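S.K.: no sequence for this one, just the structure:
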């Protein structure tokens, strides 16, 4: 009898303990779920805020640089219109020849005292716009979205070099024996103009200009992704650099359009 009573009491205590343990476990699980849910929401919120801040930073950069690129393209296209008008003229007057000589100086084309259609055609190859998307993502890439030392201290957004002492900023990691400096500009507009002049005149970018001329002949809109194929010489990385610029153009198109 005593054994039966003892067994009943013991069994009851075990069941009570088990029930209390189950309640505790369930409460702990509910608490953990709640905390975990809060943490997950907080983590997603932080991630969203981070992405938002990156987008805002990029859009601010494009908004600052895009008007400068567009203004320089507008200036160049006005020069191009003058050349196209000359191309349809058999005899160039004094004013037209003078205009040709001025443009030849800016775009580094050799020209004689009596320039004609040959010189007009040579200049048309160079006097043309650079796609806005291409210029903007190159500026972003070369200047770390406007935060590089050279952009902040020297308004240099495209990594342009110069070779006379004191012409710019000496790179901290310049190779022994190298003499180049990173060119310093008075403002961002001058950096954009120098970049476009570099693209339109330097021998290294003949492939770019040929691709652009082909699109003009076909009466196509200038395609930034396709024309970026002509930038292989812009970086020691070669085609890897081209692919980087093409990827940046594709991924930032909407931001550039809305800036």
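M.R.: All right, it came through fine. Note that this is a predicted model, so its numbers are computed, not measured.
S.K.: State the helix or strand in which residue 211 lies.
M.R.: helix 206-217 (DSSP states H and E).
S.K.: pretty sure residue 107 is touching residue 200, no?
M.R.: Yes: the pair residue 107 / residue 200 is scored as a contact, 6.2 Å apart, by Cβ atoms under 8 Å. Placement of C-beta: from N, CA and C, glycine included.
S.K.: okay, and the common contacts of these two?
M.R.: Residues touching both residue 107 and residue 200 comprise 126-127, with contact defined as Cβ atoms under 8 Å, 6 or more residues apart in numbering.
S.K.: Neighbour count for the two, which is higher?
M.R.: Neighbour count, other Cβ atoms under 10 Å: between residue 107 and residue 200, residue 200 has more, with 22 against 17.
S.K.: Strands of the stretch 151-259 of the chain, start to end?
M.R.: Secondary structure of the stretch 151-259 of the chain, counting by DSSP state E, counting those that start in this stretch: strands at 161-162, 168-169, 181-183.
S.K.: so which of those strands is the most packed in?
M.R.: strand 181-183 (a mean of 21; mean count of other Cβ atoms under 10 Å).
S.K.: Now find how far off-centre that strand is within its chain.
M.R.: On the basis of Cα atoms, centre = their mean, to the nearest Å, strand 181-183 is displaced by 20 Å from the centre of the chain it belongs to.
S.K.: Who are the contact partners of residue 144?
M.R.: With Cβ under 8 Å, 6+ apart as the criterion, the residues that contact residue 144 are residue 151.
S.K.: Over to residue 198?
M.R.: When contacts are counted by Cβ under 8 Å, 6+ apart, residue 198 touches 158, 160, 205.
S.K.: before we move on, back to that, tabulate the strands of the stretch 151-259 of the chain (JSON lines), appending distance to residue 228 and mean pLDDT.
M.R.: Putting those into JSON lines (distance: least, Cβ to Cβ, whole Å; pLDDT from 0 to 100) gives the following:
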{"stretch": "strand 161-162", "distance to residue 228": "21", "mean pLDDT": "88"}
{"stretch": "strand 168-169", "distance to residue 228": "26", "mean pLDDT": "86"}
{"stretch": "strand 181-183", "distance to residue 228": "23", "mean pLDDT": "91"}
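S.K.: Now render these as CSV, adding distance to residue 138.
M.R.: Formatted as CSV, the entries for these read as follows, by distance: least, Cβ to Cβ, whole Å:
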stretch, distance to residue 138
strand 161-162, 15
strand 168-169, 18
strand 181-183, 15
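S.K.: pLDDT of the helix holding residue 211, averaged?
M.R.: Per-residue confidence for helix 206-217 averages out to 98 on the pLDDT scale.
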